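>>> This is a predicted model, with the sequence first.
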Amino acid sequence: MERRDRKRGLGAGNAGMADGFLMEVCVDSVESAVNAERGGAGRIELCAGLLEGGTTPSIGLLQVVKQCVQIPVFVMIRPRGGDFLYTDRELDVMKADIRLAKLHGADGLVFGALTEDGRIDTELCTALLAVCRPLPVTFHRAFDMVHDPLVALETLVSLGFERVLTSGCDSSALEGLPLIKRLTEQAKGRIVVVPGGGITERNLQRILEGSGAPEFHCSARSARDSGMKFRNSSVAMGASLSTSEYAVKVADVATVRTLNAIAKNIL
């Protein structure tokens, strides 16, 4: 019963809180999920394609992650990289992905959608929220692409989102800190404003103290060399600007622990 209660409403995923601050780690592998939990994360955002900012993970990944960790797993629902202007068929895909994620143990969902003029797509979000319930839902960093973030925040509150992830509509949460603080003050506890984007050991204290936010979002990743002994350096499986096939990025236990310790020491 304890875990079930923890998943509801604004308090969903409070296990692993660093004396009041909850750390969410975005992961795209079982190894990263396990490392995030070992390091003290309170919640996982499960994605694929972190190089594209995160897309919908496979059901296989969700199933195995749920078998390996105890902390809440929020599942990204994003059918492709690129913008957040979706077609009717993409909406159908997102609805199907939400149903499958719920069926296979998701503790919460994460999505976002905009209109062509940079406003929250209330019609599409309403349709998706209806499929998500009763699970808590986060509006992701599509928020950072809106025309008017203060108006957009009120829209998210009225729609019933529990959280919004944002870098303050800037290149990183540190750069967007003034807006994150303003959004947190405007929210008045009606929605949790979660800073995310470029958070590291060097800037976390400043971001948490400067924003007043109760949670934060990070990847805490480091690169390690592939175990492959035979290598063909002439071939790349993705775009030429992507990382090497022989460098694997995973959430680092030590980095997660350090971030958690910083959050604890702020109070």
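Sure, I can see it.
>>> Downstream of the strand or helix carrying Leu91, the next helix or strand is which one?
Per DSSP states H and E: Leu91 is located in helix 88-103. Sequence-wise, the next helix or strand downstream of helix 88-103 (DSSP H and E) is strand 108-111.
>>> send the alpha carbons of that next one over as CSV?
What follows is strand 108-111, C-alpha atoms only, in CSV (Å, rounded to 0.1, in the frame of the first residue of the first chain):
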residue,chain,number,x,y,z
GLY,A,108,3.4,8.0,-14.2
LEU,A,109,3.5,9.4,-17.8
VAL,A,110,5.4,12.3,-19.4
PHE,A,111,4.3,14.1,-22.5
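>>> Can you report how many residues lie near Thr138?
27 (other Cβ atoms under 10 Å). Every residue, glycine included, has its C-beta placed from N, CA and C.
>>> can you confirm it is in a helix?
No: counting by DSSP: H, G, I helix; E, B strand; the rest coil, Thr138 is located in no helix; its state is strand.
>>> what is the nearest residue to it once chain neighbours are set aside paired to in the beta sheet?
If the residues on either side of it in the chain are set aside, Thr138 comes closest to Arg163, at 4.1 Å by Cβ to Cβ, 6 or more residues apart in numbering. Going by DSSP bridges, Arg163 is paired in beta bridges with Thr138, Val192.
>>> And the pLDDT for Arg163?
With respect to pLDDT, Arg163 scores 98.
>>> Next up, the contacts around it.
Each residue near Arg163 by Cβ atoms under 8 Å, 6 or more residues apart in numbering is listed here: Leu10, Pro136, Val137, Thr138, Phe139, Ile191, Val192, Val193, Val194, Glu215.
>>> Pull up the distance across stretch 201-220, start to finish.
Distance between the two ends of stretch 201-220: 9 Å, counting by Cα to Cα, to the nearest Å.
>>> Start and end of stretch 192-203, how far apart?
The first-to-last residue distance of stretch 192-203 comes to 20 Å (Cα to Cα).
>>> any idea of the mean pLDDT in that stretch?
97.
>>> re earlier: now find how far off-centre the helix holding Leu91 is within its chain.
Chain-centre distance of helix 88-103: 18 Å, with Cα atoms, centre = their mean, to the nearest Å.
>>> now do stretch 137-156
Using Cα atoms, centre = their mean, the offset of stretch 137-156 from its chain centre is 14 Å.
>>> just the CA coordinates of that stretch, formatted as CSV?
Provided in CSV are the C-alpha atoms of stretch 137-156 (Å, rounded to 0.1, in the frame of the first residue of the first chain):
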residue,chain,number,x,y,z
VAL,A,137,1.4,13.2,-15.5
THR,A,138,4.3,15.5,-16.2
PHE,A,139,4.3,18.0,-19.1
HIS,A,140,7.9,17.7,-20.5
ARG,A,141,10.3,20.3,-21.9
ALA,A,142,8.0,21.1,-24.8
PHE,A,143,7.1,23.8,-22.3
ASP,A,144,10.4,25.5,-23.1
MET,A,145,9.2,26.1,-26.7
VAL,A,146,6.0,27.9,-25.8
HIS,A,147,5.2,31.5,-26.8
ASP,A,148,4.2,32.7,-23.3
PRO,A,149,5.4,30.5,-20.4
LEU,A,150,3.4,32.3,-17.7
VAL,A,151,0.1,31.8,-19.7
ALA,A,152,1.2,28.2,-20.5
LEU,A,153,1.7,27.4,-16.8
GLU,A,154,-1.9,28.4,-16.0
THR,A,155,-3.1,26.3,-18.9
LEU,A,156,-1.2,23.2,-17.5
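>>> Show me which residues of that stretch are buried.
137-144, 146, 149, 152-153, 155-156 (16 or more other Cβ atoms under 10 Å).
>>> got those residues as a markdown table, with distance to Leu114 and secondary structure columns?
Formatted as a markdown table, the buried residues of stretch 137-156 follow (distance: Cβ to Cβ, whole Å; DSSP: H, G, I helix; E, B strand; the rest coil):
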| residue | distance to Leu114 | secondary structure |
| --- | --- | --- |
| Val137 | 16 | strand |
| Thr138 | 15 | strand |
| Phe139 | 10 | strand |
| His140 | 11 | coil |
| Arg141 | 11 | helix |
| Ala142 | 6 | helix |
| Phe143 | 9 | helix |
| Asp144 | 10 | helix |
| Val146 | 7 | coil |
| Pro149 | 12 | helix |
| Ala152 | 9 | helix |
| Leu153 | 14 | helix |
| Thr155 | 11 | helix |
| Leu156 | 12 | helix |
